[in-house]
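**Q** Sequence and computational prediction follow.
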Amino acid sequence: MTVFSATEMQARKSSIVCKRLSGFPATISAAIELPYLLAATKSSLSTATDLSTLSAFSLFEYVSSIRQRTSTASRIAPEIIKVRIQADSPAVLMELEQAIRDRRSVRAFEDRDMPHELIDKALELASWAPSAGNLQSRDFIVVRSAETREALASAAGGQDFVAQAPVVIVAIANLERVMHYGKRGRDLYAIQDSAAAVQNLLLILHSKGLATTWVGAFNESQVSQILGLPGHARPVAILPIGYPAETPAPRDHLPFGEYVHDEKW
Ligand SMILES: Cc1cc2nc3c(=O)[nH]c(=O)nc-3n(C[C@H](O)[C@H](O)[C@H](O)COP(=O)(O)O)c2cc1C
């Protein structure tokens, strides 16, 4: 176990920690004063991820994402961060391919809330998904009220994990915004716009150490009534979000040749 004091961190300019964080199989335990880890990650890991806006908050996310890949839990205090890392692959920072492969539908959540900023940031990033005519024909409702979460769980046929999650996001196809494209816009584009944004959300949340499941089995009119949706707003997906309390194994996948066709069907 290696513990770096703040002074040591400053002296070493964090190079050892950075090297290990960014890639070498190693076990590190470090008690690091926040500013030094910030400096460290900024200087050495900027090629692996965009850390230009690194702040105490994003450091929290960063450590959470490391947590997902580590065998030992990290503990984060307001000013002092203690990270115990079992680096097991060349890239500790979650990259896109890794995020896509590792994401799982999670249906059990820890009993703790998450920063509002994290949800807002995920929703902001979700809005960068492509959309037909760039009309961005999808909206999101963020639900925190226990009563509403329970009502949504019931409208989803009693999928109780919907109520268990501290935050539930409902993705809504906005049929008014896509009006320009007529029936195809309403029947297809608004749904596709919503789905693309939802997939963004799943990946972003996962990369930040959060988990969710895309819940599509629900009674639409009940959900519309619970959320007070106008006629032009169609609920598409319910996403219960929280810190994962389970680690599901990957599901079976079709063999490549079964879903990829050469030239013609
Ligand atoms: C359109 C859609 C609807 C889904 N509806 C539900 C649902 O109602 N309840 C549920 O538990 N999971 C639901 N899922 C999650 C799938 O069961 C899950 O994505 C699939 O089994 C693959 O597992 P993975 O996400 O862990 O890779 C849905 C997924 C999609 C894309």
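**A** Everything's here; your move. Note that the coordinates shown come from a computational prediction; the quantities given were computed from them, not determined experimentally.
**Q** Only C-alpha atoms from now on, for both contacts and neighbour counts.
**A** Fine.
**Q** Any buried residues in stretch 120-131, and which?
**A** 122-123, 126-127, 129-131 (16 or more other CA atoms under 10 Å).
**Q** So which residues on the protein come close to the ligand?
**A** 104-105, 213-217, 251 (CA under 6 Å from any ligand atom).
**Q** Now flag whichever of the buried residues of stretch 120-131 is closest to E246.
**A** Among the buried residues of stretch 120-131, A122 lies closest to E246 (CA to CA), at 21.4 Å.
**Q** Relative to V167, how far out is that closest one?
**A** For A122, the distance to V167 (CA to CA, to the nearest Å) stands at 13 Å.
**Q** same question, D120
**A** For D120, the distance to V167 - CA to CA - is 12 Å.
**Q** just for the chain, where's the confidence low?
**A** 1-94 (pLDDT under 70).
**Q** In it, where's the longest helix?
**A** For the chain, the longest helix by residue count, based on DSSP state H, is helix 190-207.
**Q** what's the next helix or strand after that helix packed up against?
**A** Past helix 190-207, further along toward the C-terminus, the next helix or strand under DSSP states H and E is strand 211-212. Contacts defined by 3 or more CA pairs under 8 Å, 6 or more residues apart in numbering; DSSP states H and E place strand 211-212 against helix 190-207, strand 233-242.
**Q** 6 Å - rerun?
**A** strand 233-242 (3 or more CA pairs under 6 Å, 6 or more residues apart in numbering; DSSP states H and E).
**Q** Would you mind getting the angle between the strand it packs on and helix 190-207?
**A** Angle, strand 233-242 to helix 190-207, by axes from the mean of the first three to the mean of the last three CA atoms, to 10 degrees: 10 degrees.
**Q** contact partners of strand 233-242?
**A** 109, 162, 165, 167-174, 210-216 (CA atoms under 6 Å, 6 or more residues apart in numbering).
**Q** quick one: buried residues of the next helix or strand after that strand?
**A** Next helix or strand after strand 233-242 toward the C-terminus (DSSP H and E): helix 256-259. Using 16+ other CA under 10 Å as the test for burial, helix 256-259 gives no buried residues.
**Q** returning to what we had before: are any of the residues of the chain next to the ligand buried, and which?
**A** 104-105, 213-215.
**Q** On the three-state scheme, the residue lying closest to T148 once chain neighbours are set aside is what?
**A** Once flanking residues are discounted, T148 sits nearest to I226: 7.2 Å by CA to CA, 6 or more residues apart in numbering. At I226, secondary structure determined by DSSP: H, G, I helix; E, B strand; the rest coil is helix.
**Q** So what's the residue count around I226?
**A** I226 has 14 neighbours, counted by other CA atoms under 10 Å.
**Q** Report the separation between it and V170.
**A** I226 sits 11 Å away from V170, taking CA to CA as the criterion.
**Q** Which two of the buried residues of stretch 120-131 have the greatest separation?
**A** Within these, A122 and S131 form the most distant pair, 17.1 Å apart (CA to CA).
**Q** What residues of the longest helix of the chain count as buried?
**A** Buried, per 16+ other CA under 10 Å, within helix 190-207: 190-198, 200-207.
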